[in-house]
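Q: Give me a model of this one.
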Amino acid sequence: MKLLIIFFSILIFSCTTDKNKKVDLEIFKKQGEKINVFEVNNVFDKEIDSKSIMQLNQPQLNKKWSYEHFSSNNFYEHLVYEGKFRDVFKKKIGDYINENNDTGSILGFENFVFFSDEKGKIYKFDINSQKTIWELKIYESSYNNYPKNIALFLNGDVLYAADNLGFIYSIDIQTGKTLWQQNYGVPFSSHLNFHKGVLYAVNQNSRLYAFNPSDGQKIWSFESLSGLIKPSRSSNISIYDNNLLFSNDVGDITAIDLDQQVIIWTKNILSQNSISTNLVFKISNILIDKKDVYVSSNSGDLLNFNLETGEIKWIQKLLSIQNHIITDKYLFVLTENAYVVAFNKTNGSILWSLNLNKYSKSIIEGSNVGIFSKPINNDHFGLLLGSGHLYLSSSSGYIFKISAIDGKYISSKKINNQLSRAPIIVYNKILFLNRSSELIILN
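A: Down below sits the predicted model:
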């Protein structure tokens, strides 16, 4: 924005110093193109038909969802889900979830579901008996007026939690009792990750922590750059083969060798040729597929780069902060303007794209859209790959089904009002939470 003000100030000064000299508009435009004054964002808006049927690897029956982003390297598998779209269960468990508090974990193991609400309670729910086994709240009354955003990670019989108040703690999943609790004073802004007996999280000051999972004590930490604006969930962590990648709120991705605890490389993924209107940097999951890394943001680029060197392999122009799905050949992306795009993951070529806006309203029904009112956007999120189909949800309460092999729209179903956190697939079921903290299970 400062560049834009300076640029126009120079123009105005040049006009006032020589009234007889006219501005060459073409030269002005060419100068503007260098910083994309006339094209603020890289918005993908092309619908492309598939030219051939894609071959997907076989889906796997998933029995547990332990990480918020499914796995330590944020790699979402092709899972078994037959997609009957029939409601199995709906029940209000917990308190209301604010519209600005969409992040948080919902985990599943066997017939149990673990999740939290805005009041800071964590729940264990039995799908078979349709009963809450236990609920836990660690916060004192002085924290009651603060909305809680809790990240969860499940490892064996222990559930770990980190929140936007700076607490990190562990819970015995059998008894629902706290095993240990630490408060580090600064809100955590990432999901939890785990590798070789060490727990990892990033706080709001872009400091990466390595914790001992037996007591929550810090083993080591590393601080990167941080911006003035401190959004919740601004960071992402991904771990593969002793390499840890994490992001900060100014667009940097840092690669660390966990064996040596040294930086391998750092890369800024903010688009270099645009002035973004987004004041808050947001990032997708950092997806690691062997030696390849795939990541995008609200800055305007989808990037594929080498895990070991950080060297960029290919770039596509689009905005996305959603989780990406990958298979042995393909990469599936949901953009911020509701396009679903399939890429050849090797070279970044687009195989097909679908404009979901043709089947989903951009504004939530019933929102106040008067002259002096702000429209309520109908956000789309939670991309999943189940039995050859892509599923995603919207904040207006719909779930959409798309063919992954050719990008054709199949159907949609209204399942509830105001869906919230990204869904998961466990035992051939999709599990949701909505803003009223209702647990919704579809088979």
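Q: Pretty sure residue 319 sits against residue 339.
A: No - assessed by Cβ atoms under 8 Å, residue 319 is found out of contact with residue 339, at 9.8 Å. All C-beta spots, glycine's among them, are computed from the backbone N, C-alpha and C.
Q: So for the two, which residues contact both of them?
A: residue 44 (Cβ atoms under 8 Å, 6 or more residues apart in numbering).
Q: Identify the residue nearest residue 323 in space, chain neighbours excluded?
A: residue 285 (4.5 Å; Cβ to Cβ, 6 or more residues apart in numbering).
Q: Local confidence estimate at the residue nearest to residue 71 when sequence neighbours are not counted?
A: Leaving aside its sequence neighbours, residue 71 sits nearest to residue 77 (Cβ to Cβ, 6+ apart; 7.8 Å). Listed pLDDT for residue 77 reads 92.
Q: Same check on residue 280?
A: 77.
Q: one step back: may I ask which helix or strand encompasses the residue nearest to residue 71?
A: Residue 77 is located outside every helix and strand, with elements delineated by DSSP states H and E.
Q: And it, how close does it get to residue 394?
A: From residue 77 across to residue 394, the span is 23 Å (Cβ to Cβ, to the nearest Å).
Q: More neighbours: which of these two?
A: residue 394 (22 against 18; other Cβ atoms under 10 Å).
Q: Could you check how far the more buried one is from residue 359?
A: From residue 394 to residue 359 the distance is 10 Å (Cβ to Cβ).
Q: Need the overlap of contacts for these two.
A: Shared contacts of residue 394 and residue 359 (Cβ under 8 Å, 6+ apart): residue 400.
Q: Just list the residues touching the residue nearest to residue 113 when sequence neighbours are not counted, thanks.
A: Computed as Cβ to Cβ, 6+ apart, the closest residue to residue 113 that is not its neighbour in sequence is residue 125, at 4.6 Å. Taking Cβ under 8 Å, 6+ apart, we find residue 125 in contact with 93, 112-115, 131-133, 439.
Q: count of neighbours near the closest residue to residue 347 other than its chain neighbours?
A: Distances taken as Cβ to Cβ, 6+ apart place residue 314 nearest to residue 347, at 6.2 Å, with adjacent residues excluded. For residue 314, the neighbour count with other Cβ under 10 Å is 16.
Q: ditto for the one 5 residues further on
A: Burial of residue 319, expressed as a neighbour count using other Cβ under 10 Å, amounts to 25.
Q: now swap in residue 111 and tell me
A: 12.
Q: How about the one 10 residues further on?
A: Number of residues near residue 121 (other Cβ under 10 Å) recorded here: 19.
Q: In the stretch 101-250 of the chain, where is pLDDT below threshold?
A: 101-103, 226-233 (pLDDT under 70).
Q: ok, which stretches of it are strands?
A: 106-109, 112-116, 122-126, 131-136, 150-155, 158-163, 167-172, 178-183, 193-195, 198-202, 207-211, 218-223, 237-240, 243-247 (DSSP state E, counting those that start in this stretch).
Q: who wins for proximity to residue 407 among these?
A: Residue 407 sits nearest to strand 237-240 of all these, at 26.9 Å, using Cβ to Cβ.
Q: helices and strands around the closest one, which ones?
A: When contacts are defined as 3 or more Cβ pairs under 8 Å, 6 or more residues apart in numbering; DSSP states H and E, strand 237-240 sits against strand 193-195, strand 198-202, strand 243-247, strand 287-289.
Q: Switch these over to a markdown table; also include distance to residue 427.
A: Below are the helices and strands packed on strand 237-240 laid out as a markdown table (distance: least, Cβ to Cβ, whole Å):
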| stretch | distance to residue 427 |
| --- | --- |
| strand 193-195 | 23 |
| strand 198-202 | 27 |
| strand 243-247 | 31 |
| strand 287-289 | 24 |
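Q: check which helix or strand covers residue 263.
A: Under the assignment here (DSSP H and E), residue 263 is part of strand 262-268.
Q: Would you mark the buried spots in that strand?
A: Counting neighbours by 16 or more other Cβ atoms under 10 Å, one finds that the buried residues in strand 262-268 are 264-265, 267.
Q: Nearest to residue 45, out of these: which one, please.
A: residue 267 (27.1 Å).
Q: Next, work out how far apart the closest one and residue 173 are.
A: As judged by Cβ to Cβ, residue 267 and residue 173 stand 38 Å apart.
Q: Kindly report the same for residue 104.
A: From residue 104 to residue 173 the distance is 18 Å (Cβ to Cβ).
Q: okay, these two: which has more neighbours?
A: Higher neighbour count among residue 104 and residue 173: residue 104, with 25 against 19, using other Cβ under 10 Å.
Q: Pretty sure the more buried one sits against residue 114.
A: No - counting by Cβ under 8 Å, residue 104 stays clear of residue 114, with 11.0 Å between them.
Q: which residues are in contact with both of those two?
A: With Cβ under 8 Å, 6+ apart, residue 104 and residue 114 have common neighbours residue 152.
Q: What segments of the stretch 1-150 of the chain are helices?
A: Using DSSP state H, counting those that start in this stretch, the helices of the stretch 1-150 of the chain run over residues 2-17, 25-33.
Q: Export the buried residues of strand 262-268 as JSON lines, with columns for distance to residue 58 and pLDDT.
A: Shown next, in JSON lines, are the buried residues of strand 262-268 (distance: Cβ to Cβ, whole Å; pLDDT from 0 to 100):
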{"residue": "264", "distance to residue 58": "34", "pLDDT": "96"}
{"residue": "265", "distance to residue 58": "35", "pLDDT": "96"}
{"residue": "267", "distance to residue 58": "34", "pLDDT": "93"}
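Q: Make a markdown table out of the residues you listed and add distance to residue 389.
A: Shown next, in a markdown table, are the buried residues of strand 262-268 (distance: Cβ to Cβ, whole Å):
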| residue | distance to residue 389 |
| --- | --- |
| 264 | 37 |
| 265 | 37 |
| 267 | 34 |
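Q: With respect to residue 119, which of the residues you listed is nearest?
A: residue 267 (38.8 Å).
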